[in-house]
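Trainee: Here is the input, now give the coordinates:
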Amino acid sequence: MRPFRNRTRTAPSSTQQKRSDQRGGDPADEFVRVAAELDVLDGSAPADPVPQGGRGGRLAVLTNSLIDTAPRIPVRDLAALRAQHPKARTPEDLADRLASGAAKASGVIGAGVGAAAMLPVPPAIPLEIAGEMLAVAAVEIKLIAELYQAYGQPVSGSAAQRAAAYLSVWSQRRGLDLSRPGTVMVLGGSAELRRQLRRRLARSGIRKLPSLAPMMVGAGAGAYVNRRDTAKLAEEIRRDLRSRPPVDPDYWA
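Mentor: The predicted structure follows:
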């Protein structure tokens with residue numbers, strides 16, 4: 001899959017398709033690469049190129065990719081976020097910028113899949129949808145992790161435990177209290193997480209693919225749907241994070 005910010009609205013050439021087939025179309029590589037590109041779309045980094053890297057069965061594959069790859073998503077800590085957003089004077093200001101960048105990134109991804117749905121290559125559409133779902137998940141999970149940083153509620157534990165905790169937040173669309181290490185450990189080892197993720201991915205598109213495909217009539221529709229959904233997720237998470245005090249009251253000083 002090509003970098004989402006460089007996708008065009010025309011059908012890929014046979015040479016491009018052949019190269020994609022040779023790469024194997026691994027959605028996990030796209031998942032992590034898109035998360036890194038979010039640093040560009042929220043305005044905090046220069047737009048340098050980023051290096052390439054049955055229904056139930058699809059859900060299982062996507063769920064496994066999500067769980068296995070989430071620990072590799074590059075999450076910035078508060079110091080890095082404030083350095084890259086020097087005009088953010090308050091936690092709310094920083095969170096606004098992060099949410100805006102994530103919505104923009106999701107919109108660009110949606111524009112790509114919306115355009116793909118118009119192409120006369122029906123077999124490519126499920127692959128585009130699957131890749132889009134993982135890419136949007138990467139954007140939103142990165143957003144969630146960095147919102148926890150912005151609101152002074154950093155998550156402890158190993159990379160895998162933190163990733164599982166953020167996946168649980170993403171699957172439930174709630175800003176869970178992750179300040180206690182025991183909570184993170186429970187979420188990280190919960191068999192329930194896999195079921196929640198499958199359900200969320202199903203809601204995100206695979207289960208409704210036959211009915212959604214005719215609606216994806218262009219880049220504009222795909223961009224609008226993704227921007228709206230990511231912006232709504234950001235507000236839901238921020239509402240919960242605002243309701244709890246930061247771990248360190250002086251974290252922003």
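Trainee: Helices along the chain, start to end?
Mentor: All helices of the chain, identified by DSSP state H, fall at 14-23, 27-41, 55-69, 78-84, 91-116, 124-150, 159-172, 181-188, 191-201, 209-212, 219-242.
Trainee: can you tell me which of those the model trusts least?
Mentor: Mean pLDDT is lowest for helix 14-23 out of the helices of the chain, coming in at a mean of 39.
Trainee: And for the closest residue to residue 227 other than its chain neighbours, the neighbour number?
Mentor: Using CB to CB, 6 or more residues apart in numbering and skipping residues adjacent in sequence, the residue nearest residue 227 is residue 107, 3.9 Å away. To be clear about C-beta, it is placed using only N, CA and C from the backbone, and glycine gets the same treatment. A total of 26 residues lie near residue 107 under the criterion other CB atoms under 10 Å.
Trainee: same thing with residue 203?
Mentor: Residue 203 - counted by other CB under 10 Å - has 12 other residues nearby.
Trainee: list the contacts for the residue nearest to residue 227?
Mentor: By CB atoms under 8 Å, 6 or more residues apart in numbering, the residues touching residue 107 are 223, 224, 226, 227, 230.
Trainee: Could I get the contacting residues of residue 141?
Mentor: With contact set as CB under 8 Å, 6+ apart, residue 141 has these partners: 35, 70, 73, 163, 166, 167, 170.
Trainee: was I right about the fourth one contacting residue 71?
Mentor: The reference is to residue 163. Yes - the criterion here is CB atoms under 8 Å, and residue 163 meets it with residue 71 at 4.2 Å.
Trainee: More neighbours: which of the two?
Mentor: residue 163 (25 against 17).
Trainee: which non-adjacent residue is nearest residue 137?
Mentor: residue 66 (6.0 Å).
Trainee: ok, now how distant is that neighbour from residue 103?
Mentor: 20 Å (CB to CB, to the nearest Å).
Trainee: okay, how far is it across stretch 70-82, tip to tip?
Mentor: 23 Å (CA to CA, to the nearest Å).
Trainee: If you count neighbours, what's buried in that stretch?
Mentor: 70, 71, 73, 75, 76, 78, 81, 82 (16 or more other CB atoms under 10 Å).
Trainee: do the same with stretch 232-242
Mentor: 233, 234, 237, 238, 240, 241.
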